[in-house]
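A.B. asks: Structure of the sequence below:
(one chain, ligands or ions: 1)
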Amino acid sequence: MNNIVGIEPSIRVFCDFDGTITRKDSGDEFFRTFSKFEPAHTDLMNGKYSVKEYYEKVSSGLSMTQDALLDFCESCETDAYFRQFLDFIQSQHWELCIVSDGFDLYIDEILKRVNAETIPVYRNLLQFQSDTGSWKPLFPNADERCKCFCASCKTKIVLGNTHPDDLIIYIGDGLSDTCPVHVADMIFAKGSLSSYCNQHGIMHHNWNSFFDILHILKKRKPIMRDIARKERKKAFIAE
Ligand SMILES: [Zn+2]
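C.D. replies: Numbering: from 1, shown residues only. Predicted structure coming up:
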């Protein structure tokens, strides 16, 4: 699964999108605006559906015009310090990759609006079916072996883009980020991800805005977390 040939060990930053680069969960807002969000979302949170089943359900009810989609993307507020964060990552010659369990339809447009469309981004896809006139979700990074709360496993993406000796920085806020933090060396967590890290004894930095992340990265050199490195080695051997 990993395409490590020719990749030099370095510092790699993996960053969630919904509720991290955008201030609110733009995925929930997207389905709330253009589909029938409830009771499917409550059923998901109560464990009635898997994330994949939930996405299939709410995607089948999607209906929108191109203008309405652009208006929606315009209304999604992004973190005010994200652009400064990008400049800093570039100045350090670190690699950045966005990992999302959301969808291309709104993510790509929002990234374009903050001039970040050249950053590699892994996300699910929404494909329009002209025969039925409905939308179908596709999950190119799904991993059936993983039982994490997401349709696409972010650990699979992280490991597929790193060398075991790379140093991994992970930034996130939610349930779909709980899987990859186990293989990350330096973790920035807010919301339910922060609670998860506390419960599982995973060292992390709390953050609210990218201003906080920048502040920490500028004064503290990232160091390898031994247990994360062991987890990575284990995963690479299992491949
Ligand atoms: Zn996973």
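
A.B. asks: Let me see the ranges of the helices in the protein.
C.D. replies: In the chain, the helices defined using DSSP state H lie at 26-34, 40-45, 51-60, 66-75, 82-91, 104-113, 154-160, 191-199, 210-219, 226-238.

A.B. asks: Low-confidence ranges, this protein, go.
C.D. replies: 1-9, 239 (pLDDT under 70).

A.B. asks: For it, what lies in contact range of the ion?
C.D. replies: Applying Cβ under 5 Å from the ion, we find that the chain lies next to the ion at 146, 148, 153, 155, 179. Just so you know, the C-beta spots here come from the backbone N, C-alpha and C atoms, and that holds for glycine as well.

A.B. asks: ChimeraX command for the buried members of those residues?
C.D. replies: What follows is the ChimeraX syntax for the buried subset of the residues of the chain next to the ion, where burial is set by 16 or more other Cβ atoms under 10 Å:
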select :148,153,155,179
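
A.B. asks: State the distance spanning the first to the last residue of stretch 183-203.
C.D. replies: Taking Cα to Cα, to the nearest Å, stretch 183-203 runs 12 Å from one end to the other.

A.B. asks: what comes into contact with it?
C.D. replies: For stretch 183-203, the surrounding residues in contact (Cβ atoms under 8 Å, 6 or more residues apart in numbering) are 14, 19, 155, 158-159, 167-175, 177-178, 181-182, 204-208, 212-213, 216, 222-225, 228-229, 231-232, 235.

A.B. asks: Repeat that for stretch 139-149.
C.D. replies: Looking at what lies outside stretch 139-149 - Cβ under 8 Å, 6+ apart - the contacts are 51-52, 55, 122, 124-125, 151-157, 175-176, 178-179.

A.B. asks: how does it look with 7 Å?
C.D. replies: Residues outside stretch 139-149 that contact it (Cβ atoms under 7 Å, 6 or more residues apart in numbering) are 51-52, 122, 124-125, 151-153, 155-157, 175-176, 178-179.

A.B. asks: Look at the closest residue to Phe85 other than its chain neighbours and say how many residues are nearby.
C.D. replies: Computed as Cβ to Cβ, 6 or more residues apart in numbering, the closest residue to Phe85 that is not its neighbour in sequence is Phe210, at 4.3 Å. A count of nearby residues for Phe210, using other Cβ atoms under 10 Å, gives 24.

A.B. asks: Buried deepest among the helices of the chain, which one?
C.D. replies: Sort the helices of the chain by mean neighbour count, taking mean count of other Cβ atoms under 10 Å, and helix 154-160 sits at the top with a mean of 23.

A.B. asks: With just CA atoms, put that one into CSV.
C.D. replies: Taking Å, rounded to 0.1, in the frame of the first residue of the first chain, the C-alpha atoms of helix 154-160 are listed here in CSV:
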residue,chain,number,x,y,z
LYS,A,154,-6.8,8.2,7.4
THR,A,155,-4.1,5.9,8.9
LYS,A,156,-4.0,4.1,5.6
ILE,A,157,-3.4,7.5,3.8
VAL,A,158,-0.8,8.6,6.4
LEU,A,159,1.2,5.4,6.2
GLY,A,160,0.9,5.3,2.4
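
A.B. asks: So what's the gap between it and the chain middle?
C.D. replies: On the basis of Cα atoms, centre = their mean, to the nearest Å, helix 154-160 sits 11 Å off its chain's mean C-alpha point.

A.B. asks: likewise stretch 180-197?
C.D. replies: 12 Å.

A.B. asks: repeat for stretch 159-174
C.D. replies: Distance, centroid of stretch 159-174 to centroid of chain: 12 Å (Cα atoms, centre = their mean).

A.B. asks: what do you get for stretch 27-46?
C.D. replies: Using Cα atoms, centre = their mean, the mean C-alpha position of stretch 27-46 is found 18 Å from that of the whole chain.
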